[in-house]
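A.B. asks: Provided below are the primary sequence and the corresponding predicted coordinates.
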Amino acid sequence: EVVAMDNLTSNDEQAVLGAADDADPYLAAIAEDAGGDLLVANRREFFQEADEVKAALQKVCIPDLEPRPCREACERVGVIWSQYQEQPGLLDPFMEDMVNPL
């Protein structure tokens, strides 16, 4: 059984497979190669929020920034970064730009 995820952006890919006979043959082969009947895969192609994260990190370095906007910016960066836990290599090309303001 393939379950569609309607709320994903074009940058995301997710497939959930069971051992159903009517599953997409390509996805079923991937599940079989993975050694199981169930496969959950999240994959991103690029770091689409790079500009947003860089701007937020520059914002939090403003010395007289009020605590609330600072906290909100930090929380947003944390949410974005957590989406890349499965593929941290996508962040690598942007790491220097993200760390330098800090």
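C.D. replies: Sure, I can see it. The model shown is predicted, which means the values in this text are computed figures rather than measured ones.

A.B. asks: So which residues of this protein form helices?
C.D. replies: Taking DSSP state H to define them, one finds helices in the chain at 25-33, 50-60, 67-82, 95-99.

A.B. asks: Which elements pack onto the longest one?
C.D. replies: Translated: helix 67-82. If you count contacts as 3 or more C-beta pairs under 8 Å, 6 or more residues apart in numbering; DSSP states H and E, helix 67-82 packs onto helix 50-60. C-beta: built from backbone N, CA, C; applies to glycine.

A.B. asks: neighbours of Val77, just the number please.
C.D. replies: 20 (other C-beta atoms under 10 Å).

A.B. asks: distance of it from Asp64?
C.D. replies: 20 Å (C-beta to C-beta, to the nearest Å).

A.B. asks: residue ranges with poor pLDDT in the chain?
C.D. replies: 1-42 (pLDDT under 70).

A.B. asks: mind redoing it with 90?
C.D. replies: 1-46, 101-102 (pLDDT under 90).

A.B. asks: Deepest in the core, which of the helices of the chain is it.
C.D. replies: Highest mean neighbour count among these (mean count of other C-beta atoms under 10 Å): helix 50-60, with a mean of 16.

A.B. asks: If we ignore the residues flanking it in sequence, what's nearest Gln87?
C.D. replies: Arg44 (5.7 Å; C-beta to C-beta, 6 or more residues apart in numbering).

A.B. asks: Looks like the one you found contacts Leu90 (just checking).
C.D. replies: Yes - counting by C-beta atoms under 8 Å, Leu90 is a contact partner of Arg44 at 6.0 Å.

A.B. asks: and for those two, which residues touch both?
C.D. replies: Tyr84 (C-beta atoms under 8 Å, 6 or more residues apart in numbering).

A.B. asks: For Glu52, see how far away the residue lying closest to Pro69 once chain neighbours are set aside is.
C.D. replies: Closest residue to Pro69 apart from its sequence neighbours, by C-beta to C-beta, 6+ apart: Lys59 at 7.2 Å. With distances taken as C-beta to C-beta, Lys59 is found 11 Å from Glu52.

A.B. asks: Repeat that for Cys61.
C.D. replies: Distance of Cys61 to Glu52, computed by C-beta to C-beta: 16 Å.
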